[in-house]
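Colleague: coords please:
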Amino acid sequence: MTQTIGQLPRCNPPRPKRNVDALIGATLLFVFASFPRLFILAFWIFGSELGDAFGSWIIPAVGFIVAPWTTLLYAWMWAISSDAVAGWEWIVVAVGVLLDLAFLVMVRRLMR
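Modeller: From the prediction side, this is the model:
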């Protein structure tokens, strides 16, 4: 009696999974983080509002890195007001704080 040997199954190497959602999320996060920084640079280059709103260059520099939306909206409210942020303008600055916190949460979630 003869025995026939069938074809052995092929062993394909596993393909790396493409995480398209993470790539889209990172791209949107980059765009979300770029807008306030570009506006802060424009405030600094083309106007004096950024220097007038903050006492020194250290606070806007740290705000540029850590909390760009808050820094931008504070300088904007300072520029449209009479050299102070008062009343309803603090609501706009609070929205900037919430945007910065949302950004940090999104970065943390994307890093998982």
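Colleague: So for this structure, which residue is the most central one in space?
Modeller: residue 33 (2.9 Å; C-alpha atoms, centre = their mean).
Colleague: unless I'm mixing things up, that one is touching residue 69, no?
Modeller: No: using C-beta atoms under 8 Å, residue 33 makes no contact with residue 69, being 9.3 Å away. In short, each C-beta sits where N, CA and C put it, glycine included.
Colleague: Quick one: residues contacting the residue nearest to the centre of the chain.
Modeller: Residue 33 makes contacts with 68, 103, as judged by C-beta atoms under 8 Å, 6 or more residues apart in numbering.
Colleague: Roughly how far does it sit from residue 48?
Modeller: Taking C-beta to C-beta, to the nearest Å as the measure, residue 33 falls 25 Å from residue 48.
Colleague: Likewise for residue 37?
Modeller: Distance, residue 37 to residue 48, by C-beta to C-beta: 19 Å.
Colleague: For residue 96, give me the pLDDT.
Modeller: With respect to pLDDT, residue 96 has a value of 94.
Colleague: Flag every buried residue along the helix or strand encompassing residue 101.
Modeller: Here residue 101, judged by DSSP states H and E, is contained in helix 89-111. Under the neighbour-count criterion of 16 or more other C-beta atoms under 10 Å, helix 89-111 has 89, 93, 96, 99, 100, 103, 106 buried.
Colleague: Other residues contacting that helix?
Modeller: Identification of contacts with helix 89-111 by C-beta under 8 Å, 6+ apart yields 22, 25-26, 29, 32-33, 66-74, 76-77, 80-81, 85.
Colleague: Let's see which of those end up in helices.
Modeller: 22, 25-26, 29, 32-33, 68-74, 76-77, 80 (DSSP state H).
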